[in-house]
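J.: this one's sequence-less:
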């Protein structure tokens, strides 16, 4: 859409307006092509909100309205707010970054190894190596090296998910197993350190926590890059891969930034300042003081991946498309492929938006929807509840789970045949209890489970007799569950199913899976 409002997109909460609004007008936002720079006035400094996890995008881009940011700035140009109070991000620093205690940050990083950056004296390029031991990293840093590592996982899970939600990325910000695609990078840099021109394939939201950095920014003309470009590294083993990825859509792309940098813009960040720059923007960073900053790095699944996975899933369901490539001569190969391509148009045309984008894929996913026994057995009653209706999806599979062997370390009740593609916490959370829907199985992630789902889960735990034959639906999402009636002996059993949607990829990772539980006596209805 040309114009969107985040409060209509965010399924969990509306986008809060933080007063006062910016004095930046539409003309200012539209006329600047590289960097929209806003220096806080004295009045604004006294009103600037702290950056917390509560309303992240609105706090981050204040005093610019977040909807204006998305519609006029995001993925188009850079944006910076400078001259902010240095303690603006103090809550994040104290809660997640141990008051910038370097040893503690290194001990709690989500990175397997810590990257150490040193500048080569001969050519000025960065030489990078990895260390595992925090003490070794500190020795390198005290000797003049800069460090790069990821934030604690808890911080990334909170802030990356919140910012992704605020920007409308929805399910596309997650891998099939529910992990965030994005991350939070921590840069602990020495004064004088320079990271030369390069660009990234992520959307970048930087917060300066201490010290100062000077940024130079220059558009590359590459939109939505599949790879970054890293000429600043002394050794770059994937330079050819980077080049082919960009020449696919920009045939004159060069590995180096343009020699003419007259269009470049500069901004110096001090503690409390923030900077957004889009994926594909050339940038150079110079540390004018010892510096600590974080970058909320966001990645979204692209439309081509969503659609191509669905097409491959559909083709895998056809015998002739699953057949291995085999031919005796070129003529036979061309004939076979020609026949397949002729059928491809019809296969692609048979897919609909609802096939590729079922309601269960959208966040928030985890809900419990109640179906009374009469509703479950009366088709007319079900048709009056569209939120409970399934439809046949050509790229979805219904898998009965009872009787499947358990994976190592699982009990039979845990076995689901799933590779933890349900999106939040895996089988242990999804199948925490059969006879009673547990709070853990419905609402394991507070960011995705809405208040109604949590209330339903608590009611189910408190009253084992209610809703004896609950059901689940595609609209309810990833872990819709039905609670069977159970007495103290646990005699009543539940039939267990999984609905897997769109797993046309090498890992067979489902874009979404729905957990379905029904009373044993109703198994025939499902089958």
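T.: It's in. These figures come from a predicted structure and were not determined experimentally. Residues are numbered from 1 along each chain as shown.
J.: which residues touch residue 257?
T.: Listed by Cβ atoms under 8 Å, 6 or more residues apart in numbering, the contact set of residue 257 reads 197, 218, 220, 231, 282. Using the backbone N, CA and C atoms, a C-beta is placed for each residue, glycine as well.
J.: Surely it is within a helix?
T.: No - counting by DSSP: H, G, I helix; E, B strand; the rest coil, residue 257 is not part of a helix but coil.
J.: And it, how close does it get to residue 34?
T.: Separation of residue 257 from residue 34 (Cβ to Cβ, to the nearest Å) stands at 13 Å.
J.: List phi and psi for the residue positioned nearest the centre of the chain.
T.: Of all residues in the chain, the one closest to the mean position by Cα atoms, centre = their mean is residue 173, 2.0 Å from it. Dihedral pair for residue 173: phi -80, psi 0, per degrees, to the nearest 10.
J.: got a list of what it touches?
T.: 160, 161, 164, 165, 180, 181, 182, 298, 299, 300, 301.
J.: OK, contacts around the fifth one?
T.: Just to be clear, that refers to residue 180. 156, 157, 160, 161, 164, 173, 174.
J.: which one of those residues is nearest residue 510?
T.: Closest approach between the contacts of residue 180 and residue 510, by Cβ to Cβ: residue 174, at 12.1 Å.
J.: thinking the closest one is in contact with residue 181, fair?
T.: Yes - at 6.6 Å, residue 174 and residue 181 qualify as touching, with contact defined as Cβ atoms under 8 Å.
J.: and the longest helix anywhere in the chain, how far from the chain's centre?
T.: In the chain, with assignment by DSSP state H, the single longest helix is helix 330-350. Counting by Cα atoms, centre = their mean, to the nearest Å, helix 330-350 is centred 35 Å from the centre of its parent chain.
J.: list the helices and strands it packs on?
T.: helix 303-316, helix 319-322 (3 or more Cβ pairs under 8 Å, 6 or more residues apart in numbering; DSSP states H and E).
J.: Out of the ones you listed, which is closest to residue 497?
T.: By Cβ to Cβ (comparing all of the helices and strands packed on helix 330-350), the closest turns out to be helix 303-316, at 18.8 Å.
J.: May I see the buried residues of the closest one?
T.: 306, 307, 309, 310, 311, 312, 313, 314, 315 (16 or more other Cβ atoms under 10 Å).
J.: okay, the residues you listed in JSON lines with pLDDT next?
T.: Output for the buried residues of helix 303-316, formatted as JSON lines (pLDDT from 0 to 100):
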{"residue": "306", "pLDDT": "93"}
{"residue": "307", "pLDDT": "95"}
{"residue": "309", "pLDDT": "95"}
{"residue": "310", "pLDDT": "96"}
{"residue": "311", "pLDDT": "97"}
{"residue": "312", "pLDDT": "96"}
{"residue": "313", "pLDDT": "97"}
{"residue": "314", "pLDDT": "97"}
{"residue": "315", "pLDDT": "97"}
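J.: okay, and for the stretch 351-500 of the chain, where does confidence drop off?
T.: Judged by pLDDT under 70, the stretch 351-500 of the chain has its weakly predicted residues at 365-370, 386-389, 407, 409-492.
J.: try it again with 50
T.: 415-491 (pLDDT under 50).
J.: quick one on the thing from earlier: mind listing which of the contacts of residue 173 are in helices?
T.: Those of these lying in helices (DSSP H): 160, 161, 164, 165.
J.: Quick check: ChimeraX command selecting the buried ones in the residues you listed.
T.: Filtering these down to the buried ones (16+ other Cβ under 10 Å) takes a single ChimeraX command:
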select :160,161,164,165
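J.: mind checking how far stretch 393-406 is from the chain centre?
T.: With Cα atoms, centre = their mean, you get 26 Å for stretch 393-406.
J.: can you put the contacts of residue 257 in TSV and add pLDDT and secondary structure?
T.: TSV is the format used below for the contacts of residue 257 (pLDDT from 0 to 100; DSSP: H, G, I helix; E, B strand; the rest coil):
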residue	pLDDT	secondary structure
197	91	strand
218	94	strand
220	90	coil
231	80	coil
282	93	strand
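J.: which among the residues you listed gets closest to residue 363?
T.: residue 220 (31.6 Å).
J.: so the closest one makes contact with residue 200?
T.: No - the pair residue 220 / residue 200 is not scored as a contact, 10.7 Å apart, by Cβ under 8 Å.
J.: What's opposite the residue nearest to residue 265 when sequence neighbours are not counted in the beta bridge?
T.: The spatial neighbour of residue 265 that comes closest, neighbours along the chain excluded (Cβ to Cβ, 6 or more residues apart in numbering), is residue 35 at 4.0 Å. In this entry, residue 35 is beta-bridged to residue 78, by DSSP bridges.
J.: now, which of the contacts of residue 257 sits nearest residue 516?
T.: When the contacts of residue 257 are compared against residue 516 (criterion: Cβ to Cβ), the nearest one is residue 220, at 47.3 Å.
J.: Let me know the pLDDT of residue 152.
T.: Here the pLDDT value assigned to residue 152 is 96.
J.: Please tell me how far the closest residue to it other than its chain neighbours sits from residue 93.
T.: Leaving out its chain neighbours, the residue that sits closest to residue 152 by Cβ to Cβ, 6+ apart is residue 108, at 4.5 Å. Distance, residue 108 to residue 93, by Cβ to Cβ: 13 Å.
J.: The two: who's more crowded?
T.: Comparing residue 108 with residue 93 by other Cβ atoms under 10 Å, the one with more neighbours is residue 93, at 21 against 18.
J.: And the strands in the stretch 301-450 of the chain, which stretches?
T.: Assigned by DSSP state E, counting those that start in this stretch, the strands in the stretch 301-450 of the chain fall at 396-400.
J.: sorry, back to before: can I get the ones in helices among the contacts of residue 173 in TSV with pLDDT?
T.: Conversion of the ones in helices among the contacts of residue 173 to TSV gives the following (pLDDT from 0 to 100):
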residue	pLDDT
160	96
161	93
164	95
165	92
